[in-house]
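*Asks:* only geometry, no sequence info:
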């Protein structure tokens, strides 16, 4: 198993981690109650999905 001979700099470490940031989830507006919700999911506030009552809230 190879081991590093020299220590990697902080800049090199941080360049590798540049793409590791989390992105916030996408949000859309519920057409029924106009609250923000995730796309392709039941609205957690009113329980509607595609114009129909999916769950009772």
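*Replies:* Structure's in. What do you need? Small disclaimer: the values here were computed from a predicted structure and weren't measured.

*Asks:* contacting residues around residue 43?
*Replies:* 30, 32-33, 35, 37, 49 (Cβ atoms under 8 Å, 6 or more residues apart in numbering). Any C-beta I mention is one placed from the backbone N, CA and C, and that applies to glycine too.

*Asks:* can you redo these as a markdown table with distance to residue 21?
*Replies:* Output for those, formatted as a markdown table (distance: Cβ to Cβ, whole Å):
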| residue | distance to residue 21 |
| --- | --- |
| 30 | 28 |
| 32 | 33 |
| 33 | 32 |
| 35 | 27 |
| 37 | 24 |
| 49 | 31 |
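
*Asks:* sketch out the strands for the chain, chain order is fine.
*Replies:* Along the chain, the segments classed as strands by DSSP state E run 28-29, 36-37, 48-49, 52-53.

*Asks:* which residue is nearest the centroid of the chain?
*Replies:* residue 25 (3.1 Å; Cα atoms, centre = their mean).

*Asks:* how near is that one to residue 48?
*Replies:* Per Cβ to Cβ, to the nearest Å, residue 25 is found 19 Å from residue 48.
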